[in-house]
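**Q** Build me a model from this:
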Amino acid sequence: MQFPPQTTLLEIEEGSRLMPKFDERSLIPCITQDHATKDVLMMGWMNAEALALTIETGLAHYYSRSRKKLWKKGEQSGLFQHVVALVIDDDQDAVLLRVRIDGGASCHVGYRSCFFRALTRPGPGTDFHLTFLEKEKTFDPHAVYTTDQQGNPLPPKA
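**A** A predicted model of the protein is given here:
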């Protein structure tokens, strides 16, 4: 799939055609949100191939900057993200996916959302302490994954 090239500012910002703007690394940021709850689940990156596969298959695909490869969310865990809506921002340089997730989780460490912690006390004098927003993991990553994000075998569970 080849995306239309970006044209005039008016067409990019207010037109009716998808013309994604990839950065100098040929990537576009993608925020993924639970369609039903509107919770933000994760932030990932897409290259043109990942975006095209997401559109064609209805399953979220991303590009791993650390592994330098394409990946389909759920390919190891079975926790697939089914695309309900693909939304583009005004200058078409960021994607928002609204998804329905298999298994109720998106975070590779086992939580529902990758955004499972918040700064406890923002502002001057913060101690940088994080408060957990999710009390329990949705799944045990050691029972699901055999390798870490870089493809190395996971150590035995303590």
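
**Q** So what's the residue count around R25?
**A** Per other C-beta atoms under 10 Å, the neighbour tally for R25 reads 10. Every residue, glycine included, has its C-beta placed from N, CA and C.

**Q** Select the longest helix from the protein.
**A** When the chain is parsed with DSSP state H, its longest helix is helix 48-57.

**Q** who does that one touch, helix- and strand-wise?
**A** strand 61-64, strand 69-72, strand 81-88 (3 or more C-beta pairs under 8 Å, 6 or more residues apart in numbering; DSSP states H and E).

**Q** what mean pLDDT does it have?
**A** Mean per-residue pLDDT for helix 48-57: 98.

**Q** Repeat that for stretch 61-81.
**A** 93.

**Q** ok so, going back, can you tell me which of the helices and strands packed on helix 48-57 is packed in deepest?
**A** Among the helices and strands packed on helix 48-57, strand 61-64 has the highest mean neighbour count (mean count of other C-beta atoms under 10 Å), at a mean of 21.

**Q** Which secondary structure elements does it sit against?
**A** Counting contacts by 3+ C-beta pairs under 8 Å, 6+ apart, strand 61-64 is packed against strand 40-46, helix 48-57, strand 69-72.

**Q** Could you save these as JSON lines and add columns showing distance to Q33?
**A** Converted to JSON lines, those look like this (distance: least, C-beta to C-beta, whole Å):
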{"stretch": "strand 40-46", "distance to Q33": "5"}
{"stretch": "helix 48-57", "distance to Q33": "14"}
{"stretch": "strand 69-72", "distance to Q33": "18"}
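
**Q** Let me know which of those is tucked in deepest.
**A** Greatest average neighbour count among the helices and strands packed on strand 61-64 goes to strand 40-46 (a mean of 20), per mean count of other C-beta under 10 Å.

**Q** quick one: that one to helix 48-57, angle?
**A** Comparing the axes of strand 40-46 and helix 48-57 via axes from the mean of the first three to the mean of the last three C-alpha atoms, to 10 degrees yields an angle of 120 degrees.

**Q** Could you list the paired strands of strand 40-46 along with their orientation?
**A** strand 28-34 (antiparallel) (DSSP bridges).

**Q** for K135, helix, strand, or coil?
**A** coil (DSSP: H, G, I helix; E, B strand; the rest coil).

**Q** Next, find the distance separating L18 from V99.
**A** Distance, L18 to V99, by C-beta to C-beta, to the nearest Å: 18 Å.

**Q** between these two, which one's more packed in?
**A** Here L18 and V99 are compared on neighbour count by other C-beta under 10 Å; more neighbours surround V99, at 25 against 13.

**Q** Cool, thanks, talk later.
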